[in-house]
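S.K.: Could you look at this predicted model? Sequence included:
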Amino acid sequence: MPAPLDIRRRQVRFRCWHRGTREMDLLLGRFADEHLVDLTEEGLGQLEALLEAPDPQLYAWYSGREPVPATYDTFVMRLFKNFRFTPPQP
């Protein structure tokens, strides 16, 4: 039986890849693929909280169009803001 943290990671990865807008699917999905395995339980909780934000709001924070509210200004949000999407090469 998988550990509870592994189950949460799989659930979060799914949520990152299935946001609702293609742009956020790609950004958050790739971010999860790259960073999820290294997140602590606290970091995983921060990412889960971040996933509760609507896509337009999350993208505005990511792109710097709007400041990140204090409640979302966490280690994971800063890690996400510094993440640069690179499409896979064929």
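M.R.: Thanks, I have it.

S.K.: Now for L58, how many residues are close by?
M.R.: By other CB atoms under 10 Å, the residues close to L58 number 22. Where C-beta positions appear, they are placed from N, C-alpha and C, glycine not excepted.

S.K.: So what does it look like in phi/psi?
M.R.: phi -60, psi -40 (degrees, to the nearest 10).

S.K.: What sits closest to it if chain neighbours are left out?
M.R.: Distances taken as CB to CB, 6 or more residues apart in numbering place M24 nearest to L58, at 6.4 Å, with adjacent residues excluded.

S.K.: tell me the pLDDT at K81?
M.R.: Listed pLDDT for K81 reads 95.

S.K.: Remind me what the helix or strand that contains L79 packs against, helices and strands.
M.R.: According to DSSP states H and E, L79 maps onto helix 75-81. Packed against helix 75-81 by the contact rule (3 or more CB pairs under 8 Å, 6 or more residues apart in numbering; DSSP states H and E) you find helix 22-35, helix 41-50, helix 55-63.

S.K.: If we use 7 Å, what do you get?
M.R.: On a contact count with 3 or more CB pairs under 7 Å, 6 or more residues apart in numbering; DSSP states H and E, helix 75-81 meets helix 41-50.

S.K.: my guess is the residue nearest to L58 contacts D55, does it?
M.R.: Yes - under the criterion of CB atoms under 7 Å, M24 makes contact with D55 at 4.6 Å.

S.K.: Show me which of these two is the more surrounded one.
M.R.: Comparing M24 with D55 by other CB under 10 Å, the one with more neighbours is M24, at 21 against 15.

S.K.: Now do the same contact list for that one.
M.R.: The contact partners of M24, taken as CB atoms under 7 Å, 6 or more residues apart in numbering, are D55, L58, Y59.

S.K.: do the same with L5
M.R.: By CB under 7 Å, 6+ apart, the contact set of L5 is E41.

S.K.: Got phi/psi on it?
M.R.: Dihedral angles (degrees, to the nearest 10) for L5: phi -70, psi -40.

S.K.: That'll do, ta.
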